[in-house]
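S.K.: got a predicted structure here, sequence first:
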Amino acid sequence: MKLSKSEEELMNYLWKLEKAFMKDLMDAYPEPKPAPTTLATLLKRMRDKKVVDYKTYGKSREYFPLIEKEAYFSKQVNGLIKNFFNDSASQFASFFTQKTNLTKEELESLRAIIDNEIQKK
């Protein structure tokens, strides 16, 4: 399941808020805020994709995520590696470390994370 850029942006607000009414979501957006009808359309699409749901309180709906942020982005990164790097984590790592202008400190931090994972296995 892939979310559009607009859906991902809305999902990020929902993950941050954990649960939210339409007003809460509108308040989370910076100016210029999207139209309420735009958010309603996005939320309907996202509900159809089974990534959000809502509870009804009178005439109001309180929306909440059905997927965790980490699980969603893990799936996206794995798809990226599969589709653009021939399912090779090494090719992805090579591209990532060479093309993202990481500092020496950031590279050392990545090495520490990798070394820690190697020790766990």
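M.R.: Looks like it came in fine. Numbering: from 1, shown residues only.

S.K.: and the helices in the protein?
M.R.: Secondary structure of the chain (DSSP state H): helices at 5-17, 22-28, 36-48, 69-84, 89-99, 104-120.

S.K.: what residues of stretch 51-60 count as buried?
M.R.: Buried residues in stretch 51-60, defined by neighbour count with 16 or more other Cβ atoms under 10 Å: 51, 52, 54. Quick note: C-beta positions are derived from backbone N, CA and C, even for glycine.

S.K.: closest to residue 88 among those residues?
M.R.: Checking the buried residues of stretch 51-60 against residue 88 by Cβ to Cβ gives residue 51 as the nearest, at 28.6 Å.

S.K.: and the closest one, what's its pLDDT?
M.R.: Predicted confidence (pLDDT) for residue 51: 95.

S.K.: distance check, the residue nearest to it when sequence neighbours are not counted against residue 7.
M.R.: In space, and not counting its chain neighbours, residue 51 is closest to residue 67: 5.1 Å by Cβ to Cβ, 6 or more residues apart in numbering. Distance, residue 67 to residue 7, using Cβ to Cβ, to the nearest Å: 12 Å.

S.K.: give me the common contacts of the two.
M.R.: residue 51 (Cβ atoms under 8 Å, 6 or more residues apart in numbering).

S.K.: who touches residue 84 in this structure?
M.R.: For residue 84, the contacting residues are residue 92, by Cβ under 8 Å, 6+ apart.

S.K.: contacting residues around stretch 5-15?
M.R.: 3, 20, 25, 28-29, 39, 42-43, 45-46, 49, 51-52, 63-65, 68-69, 72.

S.K.: just the buried subset of these, please.
M.R.: Neighbour-count burial (16+ other Cβ under 10 Å) applied to the contacts of stretch 5-15 gives 3, 20, 25, 28, 39, 42-43, 45-46, 51-52, 63, 65, 72.
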